[in-house]
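> after the sequence you'll find the predicted model.
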Amino acid sequence: MERRSSWMLIALTATAIMLTAVTADRTNNKSGGLYWSTAEEEAQAQLQPRVDDSAVDADFDADGGFSSLDSMLQWALGHSDPDQLKEAAKEVQGLSPSDLNKKRLEIKQLMEELKTPSDAQLMKVAILDLKNSSLSLEDRHRALEELLELVEPIDNANDLNKLGGLAVVIGELDHSDSETRKMAAWIIGKASQNNPLVQKQVLELGALSKLMEMVKSSFVEEAIKAIYAVSALLRNNMAGQEMFYEEAGEKLLQDIVSDSSIGNRLRIRAVVLLGDLAEFQLGNTEKDELPFFSNRIFLKSVVDLTSAVDLHLQEKALIAIKNLLRLKTTEALVFKDFCGLDVALERMRQQLQDLMVEEYHKDYAMDVESLRNEVQLIFQRKLEKVSRMTA
């Protein structure tokens, strides 16, 4: 136990020596703190003469950090003079408990100063990279990927505009590279998700019309991330929805839903957005229902999705139909006579019964059947209401 304690003291002293050296190096840094480099600065650093790799341990990162506390202690032990360590150990052993505690606090403070940079610092670096017009495409993608991860927490998303990053990301929507545009739309969607503040900021910066245009892109992933962003901006946001309709958003949805040549992933996103818009309308009864909700051509294209091969698309179509049926201006007889909803629901019932026999599809098929039943009941009540009125 005594030997173990001695080695702990040696490691503690070695760490103190290492931290003192790092602190001295930081004193020479004009920034007064740890420096987190942009892609341009990293590229310039690569041009500087390299030190002998054998003099640097693999666990010591180029930016002055370590993969773990153990690796830091190992580095300190491996890069200190043995005689100096012995003398330092004797010195530490001679310290009083209060002095030893003071030294530990000093080391703890230094370690705190050497901790990982804050999310805000990392966001600033990524934003600076994106502002660099000469940045390589690879580094631009990397900066966008970092922002995509960083904006997930709502506090970080709220900071994006404060740091000047939101306008920069929106500017990337006009980039000639489709992957860059896709990533920018993805970031906007993630930052706006259930976030009224960011929704407002994005709308004020005029990004909605550009995102709606991107939904029509021939690059599938770009279109999918664009409609994801549009959905995030419109969810529970009256101002955003009004802008969407002013830009003929209902026609955009109808074109996607009714075009069977479009991939299912984009059509799923479109029909989910439709369901959200109809649900929002249900919660705002003081607002007049929009004519497109009761457009029979549009309604038929939604009902037709229930015959799609993709069960996931069928499910999302059912959710949209359920919300549309609950609106005051939609007519039960249009759903029945023009859209053939009764036939579609019966066809789905038979299909789901067959899938329930298969173990792999059973649980999901049962969930969809429960939803189908709910739609059937709402539809029947709406038809009965019409019958009573005409009796």
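That came in fine, so what should we check first?

> Ser192 contacts Ala232, doesn't it?
Yes. If you go by CB atoms under 8 Å, Ser192 and Ala232 touch, sitting 4.1 Å apart. Quick note: C-beta positions are derived from backbone N, CA and C, even for glycine.

> okay, the two: which has more neighbours?
More neighbours surround Ser192 than the other of Ser192 and Ala232, with 30 against 24 (other CB atoms under 10 Å).

> that one: what's it in contact with?
Ala157, Val198, Gln199, Val202, Ala229, Ala232, Leu233 (CB atoms under 8 Å, 6 or more residues apart in numbering).

> distance to Gln353, pLDDT and secondary structure added to those residues, as CSV?
As requested, the contacts of Ser192 are exported to CSV (distance: CB to CB, whole Å; pLDDT from 0 to 100; DSSP: H, G, I helix; E, B strand; the rest coil):
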residue, distance to Gln353, pLDDT, secondary structure
Ala157, 45, 96, helix
Val198, 45, 98, helix
Gln199, 42, 98, helix
Val202, 45, 98, helix
Ala229, 38, 98, helix
Ala232, 37, 97, helix
Leu233, 40, 97, helix
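
> neighbour-wise, which one of those leads?
Among those, Ala229 has the most neighbours (other CB under 10 Å), with 29 neighbours.

> how about the nearest residue to it, chain neighbours excluded?
Counting by CB to CB, 6 or more residues apart in numbering, Gly189 is the residue found nearest to Ala229 once chain neighbours are left out, at 3.5 Å.

> for the stretch 51-200 of the chain, which segments count as helices?
69-78, 82-93, 97-113, 119-131, 137-150, 154-162, 165-171, 178-192, 196-204 (DSSP state H, counting those that start in this stretch).

> most tightly packed of those helices?
Of all the helices of the stretch 51-200 of the chain, helix 178-192 has the most neighbours on average by mean count of other CB atoms under 10 Å, namely a mean of 25.

> closest one to Leu305 among the helices of the stretch 51-200 of the chain?
Closest to Leu305 of the helices of the stretch 51-200 of the chain, according to CB to CB: helix 178-192, at 23.0 Å.

> helix 119-131 and that closest one, what's the angle between them?
Helix 178-192 runs at 150 degrees relative to helix 119-131, counting by axes from the mean of the first three to the mean of the last three CA atoms, to 10 degrees.

> helix 178-192: how far from the chain's middle?
9 Å (CA atoms, centre = their mean, to the nearest Å).

> comparing the helices of the stretch 51-200 of the chain by mean pLDDT, which bottoms out?
Sorting the helices of the stretch 51-200 of the chain by mean pLDDT places helix 69-78 lowest, at a mean of 58.

> next, show the common contact partners of Ser192 and Ala232.
Common contacts of Ser192 and Ala232 (CB under 8 Å, 6+ apart): Gln199.

> only the buried residues of stretch 335-348, if you could.
Neighbour-count burial for stretch 335-348, counted by 16 or more other CB atoms under 10 Å, picks out Phe335, Lys336, Cys339, Gly340, Leu341, Ala344, Leu345, Met348.

> what lies in contact with it?
By CB under 8 Å, 6+ apart, stretch 335-348 touches 296, 299-300, 303-304, 306-307, 314, 318, 321, 325, 368, 372, 375-376, 379, 382-383.

> related to what we said a few turns ago, as JSON lines, the buried residues of stretch 335-348 with secondary structure, distance to Ser134 and pLDDT would be great.
As requested, those are exported to JSON lines (DSSP: H, G, I helix; E, B strand; the rest coil; distance: CB to CB, whole Å; pLDDT from 0 to 100):
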{"residue": "Phe335", "secondary structure": "helix", "distance to Ser134": "57", "pLDDT": "96"}
{"residue": "Lys336", "secondary structure": "helix", "distance to Ser134": "62", "pLDDT": "95"}
{"residue": "Cys339", "secondary structure": "coil", "distance to Ser134": "55", "pLDDT": "97"}
{"residue": "Gly340", "secondary structure": "coil", "distance to Ser134": "58", "pLDDT": "97"}
{"residue": "Leu341", "secondary structure": "helix", "distance to Ser134": "57", "pLDDT": "97"}
{"residue": "Ala344", "secondary structure": "helix", "distance to Ser134": "56", "pLDDT": "97"}
{"residue": "Leu345", "secondary structure": "helix", "distance to Ser134": "59", "pLDDT": "97"}
{"residue": "Met348", "secondary structure": "helix", "distance to Ser134": "56", "pLDDT": "96"}
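
> greatest separation within those residues: which pair is it?
Within the buried residues of stretch 335-348, two members stand farthest from each other by CB to CB: Lys336 and Met348, at 15.4 Å.
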